[in-house]
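Engineer: Next one to model:
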Amino acid sequence: MNEEGAYSDLATAGALRGSPLGRLDRALVTELVSGSVKRRYTLDWVLSRYLAQGLAETPPWTRNILRLAAYQLLFLDRIPAAAACDTAVELAKKYAPRTAGLVNAVLRRLAREGWPPLPRYED
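Structural biologist: Prediction:
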């Protein structure tokens with residue numbers, strides 16, 4: 001998701017080329033990537049409210065796993081929260097094993113509590 005300067009649509013198309021995924025799964029992957037990129041700043045704001053050390057200090061793989069799962073939790077209504085969390089934890093175990101517990105804790109809390117309160121600005 002732009003960590004390496006790639007265009008997400010081209011990177012997704014390249015990754016899906018030759019993939020055994022069916023049409024619906026390809027559509028879901030495309031939605032997850034494009035939605036996570038489009039809503040990146042919103043997702044980062046939300047996730048930063050749930051991370052003690054801040055999102056910038058989180059490893060890139062973990063950041064992107066959190067963004068994908070948070071997008072599912074906050075913007076998609078057909079994926080159960082438990083499935084989004086479990087899949088994210090499995091991805092973390094594979095690509096960022098030291099952060100799997102963090103991914104689990106952040107996403108379970110996000111699933112339970114939802115959107116953090118918006119800051120109030122008074123005149």
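Engineer: Next SSE downstream of the host helix or strand of T87?
Structural biologist: Assessed by DSSP states H and E, T87 sits inside helix 81-95. Counting by DSSP H and E, the element after helix 81-95 in chain order, helix or strand, is helix 100-113.
Engineer: List the buried residues in that next one.
Structural biologist: When burial is assessed from 16 or more other Cβ atoms under 10 Å, helix 100-113 yields the following buried residues: A100, L102, V103, N104, V106, L107, L110, A111. All C-beta atoms are positioned from the backbone trio N, CA, C, and that covers glycine.
Engineer: So L55 is in contact with Y41, correct?
Structural biologist: No - L55 lies out of contact with Y41 (Cβ atoms under 8 Å); the separation is 10.9 Å.
Engineer: For the two, indicate the residue with more neighbours.
Structural biologist: Counted by other Cβ atoms under 10 Å, L55 and Y41 do not tie: L55 has more neighbours, with 18 against 8.
Engineer: quick one: that one from Y71, how far?
Structural biologist: In this view, L55 and Y71 are 14 Å apart by Cβ to Cβ, to the nearest Å.
Engineer: ok, V46 touching L74?
Structural biologist: Yes - with contact taken as Cβ under 8 Å, V46 and L74 are classed as touching, separated by 6.8 Å.
Engineer: So which of these two has more stuff around it?
Structural biologist: Applying other Cβ under 10 Å to V46 and L74 shows that V46 carries more neighbours, namely 21 against 18.
Engineer: For the more buried one, which residues are in contact?
Structural biologist: With contact set as Cβ atoms under 8 Å, 6 or more residues apart in numbering, V46 has these partners: A70, L74, L110, W115, P116.
Engineer: All the helices of the protein, in order from the start?
Structural biologist: Listed in chain order, the helices of the chain (DSSP state H) span 8-16, 23-38, 40-48, 60-75, 81-95, 100-113.
Engineer: Distance from the chain centre to stretch 99-107, please.
Structural biologist: Stretch 99-107 has its average C-alpha position 12 Å from the chain's average C-alpha position, going by Cα atoms, centre = their mean, to the nearest Å.
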